[in-house]
Each structure stands twice: as C-alpha cells, then as structure tokens.
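Peer 1: Okay, predicted coordinates and the sequence, questions at the end:
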Amino acid sequence: MTTTLITADDDDVNVFARCGCVDPSSGTRLGRRCPLLGQPGHGSWYFAVELSAQPGKRQRLRRGGYPTSTLARQARDTLLAEPTGLAAGRAWTLERWLNRWLLDMRGVLRPTTVDGYRKHIRLHLIPMLGHVKLADLTTRQVQTMLRSLATRRTRSGGPIAAGTVARILATLRSALSAAVREGLIATNPAAHARPPRPRGGQAVLWTSKRERNWRIDNIRPAVAVWDLHHVVAFFTHVAEHRNLALWWVALLCGLRRGELAGLRWCDIDLEERTLTVVEQTICVAGRVHRMPPKSLTSQRTIILDDATVAVLQHHRDRQEQESFTWRHDSNNHVFTCLAGQPLRPSTMSHQFLKAVRASGLPPVRLHDLRHCAATMAFAANADLKYVQERLGHSSPVTTAKIYINVLTDVNNQHAQATARMLLHAASRRPDPGAAQA
C-alpha cells in the first residue's frame, strides 16, 4: 500500500476560524459564518488538509482549537513536515485500520485465525478503541483497555479468561505492527502493554480428592484428565458404541479434534501399523475447510499398537456394512455419521460429552483425551521427546509446559512406589540377632 500527501492547492490546505454560535431562527450552528468571528477571543482556529493513504482516495483531516491563526498554521506546517505515511496515519481511525487489515489477512492466514481476529475486533477492539486515531493511540490507552476487559463478564456470567485477553492484545499488536510496516505510525503502542497473567491452564489428574470435590461441591479444575481406572471404566461403558474407534484413537494416538475429523483410510496402513496425519478439518461460520495440520510438526506418523489396529479393523468392517457410507463420502473418511458424511469436529465433541455424562465419570472434553494420551505415556515411563513427537508439539518445552502438573503427579506416584518397594524389602530382611541365637 502506498501513501501520498496532497498539498498542491490552497483549497486542500487551509486555515479558518469557527465557533459554536447557533442561528436563533434555524437552530443550526453558524460555524465559519458567524459575524462575531473577527472579534478578539471569539471562536478558535482550525486547519484542514487532504490526505490519501490509498491510491485514488482522499480523506480530509481537520485539527482545531487553536487560539490564533498563527498557531493553527504552525501546527499545519508541522504536520506537513512529517514523513508522508505518518501524516496520513493521522487520518486513520483504529476502526478503519482494523477493518482494512482484516481484509488483507483473508487468504493469507487460516480461516480459523481470521475468524478469531474478526471476533476480537468486532466485540472488543472497535467498541473500546475504534474511535481513536492511529497516530493518537498510546500504550496507556491499550493498558486501560486490558484492565477493563479483565473486569468484563462472558455470557455465562464468568470473567473473561486471562488467556482470551492476551489473544485480544495479540490481535491488536499484529494489526498495529502492520500499520508500522505501512509507515502509518512510527511505533507500535501495543508492543509494551501487558495482559493479565493467565492462571491455571495446565492439565491435572482427576485424583480421588478432586473427584470427591466435584461430586459434592461441583468444584472442578480448569483442565483435568482421567487416570487409568477412569479410562478403563469409560471404554467398558462404550464398548458397543459406534464411536468407540474415534475415542480410542483420540486417546491412544493423541490426535487433535480437527485431525480426527480429517483422517482418511488412505492415511492409515493397518498392515504396517502406521497412522499419518496429513490434514485437518475445521468449521468456520458453518463452512467446512480441509487444510494442512496446525504446524509442520503436526504432520507426523504414529506407530499403532496391536489393540489399536484391531479396533480400527473392526471399525472399518462395521463401516463397510453401512449402506450409505461409501456412497456419500468420496474421500473415505475414517469417522463418519450413519448417513455416510464425515463427522464435523463439533459433532464429535457433542457426542463425546453425551457419552461421558451417561457414564457418570468426572467431566472431560474430547480434547482432554489428547491430554490423557500424554498422561498414560508418562505413566508408562515414556520420555518427554516421545510424547512431544506423538502429540505433534513444536518442542519438548511446549509439552513440559502443558503437562508440568501431570508430570508432578506421575513422578509422585513413582516416588511412592519406590518407597513402598524399599520398605517392603526392609520388612522381609532377616534379623541378624535371631540367626546367631
């Protein structure tokens, strides 16, 4: 985007006086027509320039409130002396720039990312800061917005999560960074703003104490995952369910919801015992999109165990017996509805939550089966690198950050088991004094 400043004609750059007097007969403001403007101290002085930050389009920028024409001209000349882009940036409101930036992002970023930006802009950024000029926006204003967001309530009545506030700030930072690159502002006023620190978020185990608190007082952690006996109880409950394979793969392989929805039979080799994640399915505004996984490390091949191979083979045999499956799904998705169409991610979540409620087990989300996969791997003494690669994280640091509490719980279990082994061995040691007697 190029930016030009128009200063060629006196009509484009002018200085004038106006006041707030009202015509008594019509009730309209006299403005520049007031006969008292020539009197000392009456009204104030303004300047106006026409700027263009888009080819072929002009926008008039007016500044006023100056006590004399000399001060108005000095302010005008200062503006015209600025670099072309910075001067034009004074003509952009934040609302106008955010909408323009959002249009530029379409086709560049993932639809889910653009949809998230759109919600942040429509619900929060424009209502709170949209009227501010780009050049006038300050870090203090951004910080004030963040404090206000932290006190707002969601539709359910709870506070906006700290993580959500951080993502809103990230959206604003990205948009303003683009404005800096375009030369509309010199620095990013959101760069040094600090969102509230997120609380919680790490996965923890559903211990007996946590489960008891949930059953009695309905107190539950933000992210809690089942331990082994919960998993066994759930799969015993859904042994004959049509979605058994879906939930089994989510648990044993740690796939994301979109990866499960995008999985096709051509991505699975039951003979070689491999499952390859090559694409995901997402839904934005009711439309289904097929695209590559979340990151390069998300494109991964997972080795399947014998039990998972058997579950998938049984699922495929059952699927082939359903008359509509192959007729309506030309891509041969692994997980489909009875009519044959691929299951949407939201449908997967809804059906899983329904099954969890019916089982009477502590509540978890479908995505939490991915957390269960990590927990079970740690419990089986898998190292951090193995878990990272199986889940498709970009680095072991990400895995450790998410599962630090789970690692603590598992390591505590290992420590207790070691101590019990030592005490058991000590209790069986013969008494030396008894042997001498």
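Peer 2: Arrived safely, thanks for sending. Numbering: from 1, shown residues only.

Peer 1: Mind pulling up the pLDDT for residue 80?
Peer 2: According to the prediction, residue 80 has pLDDT 64.

Peer 1: go on, residue 214?
Peer 2: So residue 214 comes in at 92 (pLDDT).

Peer 1: surely it meets residue 360?
Peer 2: No. Using Cβ atoms under 8 Å, residue 214 is not in contact with residue 360; the gap is 11.6 Å. Backbone N, C-alpha and C define where each C-beta goes, glycine included.

Peer 1: Those two - which one has more neighbours?
Peer 2: residue 214 (16 against 10; other Cβ atoms under 10 Å).

Peer 1: The more buried one: what's it in contact with?
Peer 2: Neighbouring residues of residue 214 by Cβ atoms under 8 Å, 6 or more residues apart in numbering: 220, 362-363.

Peer 1: redo that, cut-off 7 Å
Peer 2: 220, 362 (Cβ atoms under 7 Å, 6 or more residues apart in numbering).

Peer 1: Checking my notes, it in a strand, right?
Peer 2: No. Remark: residue 214 does not belong to a strand; assigned using DSSP: H, G, I helix; E, B strand; the rest coil, it is helix.

Peer 1: How about residues contacting stretch 277-285?
Peer 2: The list of residues contacting stretch 277-285 from outside it, by Cβ under 7 Å, 6+ apart, reads 111-112, 115, 255-256, 258-259, 261-262, 267, 288-293, 298-300, 342, 344-346, 392.

Peer 1: Among those, name the ones in helices.
Peer 2: Residues of these located in helices (DSSP state H): 111-112, 115, 258-259, 261-262, 345-346.

Peer 1: same question for stretch 140-149, mean pLDDT?
Peer 2: Throughout stretch 140-149, pLDDT has a mean value of 93.

Peer 1: Of all the residues in it, which ones are buried?
Peer 2: 141-143, 145-146, 149 (16 or more other Cβ atoms under 10 Å).

Peer 1: Next: stretch 209-218.
Peer 2: Result for stretch 209-218 [16+ other Cβ under 10 Å]: buried residues 210-211, 214.

Peer 1: for the stretch 251-400 of the chain, which spans come out with low pLDDT?
Peer 2: 323-330 (pLDDT under 70).

Peer 1: which residues of it fall in strands?
Peer 2: For the stretch 251-400 of the chain, strands defined by DSSP state E, counting those that start in this stretch occupy the ranges 268-269, 274-276, 280-284, 287-291, 301-303.

Peer 1: Outside of the second one itself, list whatever touches it.
Peer 2: Residues external to strand 274-276 that are found in contact with it (Cβ under 7 Å, 6+ apart): 253, 267-268, 301-304.

Peer 1: My guess is residue 106 contacts residue 115. True?
Peer 2: No. At 10.3 Å, residue 106 does not count as touching residue 115 under the criterion of Cβ atoms under 7 Å.

Peer 1: Tell me which of the two has more neighbours.
Peer 2: Higher neighbour count among residue 106 and residue 115: residue 115, with 15 against 11, using other Cβ under 10 Å.

Peer 1: Residues in a beta bridge with the closest residue to that one other than its chain neighbours, which ones?
Peer 2: Among residues not flanking residue 115 along the chain, residue 284 sits closest, at 4.8 Å (Cβ to Cβ, 6 or more residues apart in numbering). Counting by DSSP bridges, residue 284 is bridged to residue 287.

Peer 1: heads up, I number from 41, so please use that
Peer 2: From this message on, residue numbering opens at 41, which makes the last subject residue 324.

Peer 1: hmm, who's touching stretch 77-88?
Peer 2: Residues contacting stretch 77-88 (Cβ under 7 Å, 6+ apart): 54-59, 74, 76, 100-109, 111-113, 115-116.

Peer 1: State the distance from residue 381 to residue 418.
Peer 2: 37 Å (Cβ to Cβ, to the nearest Å).

Peer 1: So these two - more neighbours on which side?
Peer 2: Neighbours per residue (other Cβ under 10 Å) separate residue 381 from residue 418, with residue 418 holding more: 22 against 15.

Peer 1: Appreciated, that's everything.
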